[in-house]
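>>> Coordinates for the following, if possible.
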Amino acid sequence: MEEEEEEEEEEEEEEEEEEEEEEEEEEEEEEEEEEEEEEEEEEEEEEEEEEEEEEEEEEEEEEEEEEEEEEEEEEEEEN
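As a prediction, the model looks like this:
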């Protein structure tokens, strides 16, 4: 009887260890996933910022062009 009990205990311990390992693995996977998601979000944000900057630059250029045109027109009118 003693031996059987010991064996059972050992088995239980092994099972517990396995379960713990599995849990740890799962946690690690979750962490990795979270990290990946964060990275993706950061990338998206960066892209958005870049786009906004480009748009602003374009707008500025357009404004400059308009100003130049206006100046030219004024000069022509003066002449």
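
>>> which stretches of the chain form helices?
For the chain, applying DSSP state H gives helices covering 2-78.

>>> Low-confidence ranges, this protein, go.
Along the chain, the model assigns pLDDT under 70 to residues 1.

>>> Could you rerun that using 80?
Under the criterion pLDDT under 80, the flagged ranges of the chain are 1-2, 79.

>>> any idea how far Glu69 lies from Glu49?
31 Å (C-beta to C-beta, to the nearest Å). No exception for glycine: its C-beta is placed from N, CA and C like everyone else's.

>>> Check Glu71 too.
Separation of Glu71 from Glu49 (C-beta to C-beta): 33 Å.

>>> Glu57 too?
Using C-beta to C-beta, Glu57 is found at 13 Å from Glu49.

>>> Need the residues touching each of these two.
Taking C-beta atoms under 8 Å, 6 or more residues apart in numbering as the criterion, Glu57 and Glu49 do not both touch any residue.

>>> Give me the neighbour count for Glu4.
8 (other C-beta atoms under 10 Å).

>>> cool, and Asn79?
By other C-beta under 10 Å, the residues close to Asn79 number 5.

>>> Also Glu61?
Close neighbours of Glu61, defined as other C-beta under 10 Å, add up to 10.

>>> Could you pull up the residues touching it?
With C-beta under 8 Å, 6+ apart as the criterion, no residue contacts Glu61.

>>> can you check Glu10 too?
Taking C-beta under 8 Å, 6+ apart as the definition, Glu10 has no contacts.

>>> could you check the distance from it over to Glu40?
Glu10 is 45 Å from Glu40, by C-beta to C-beta.
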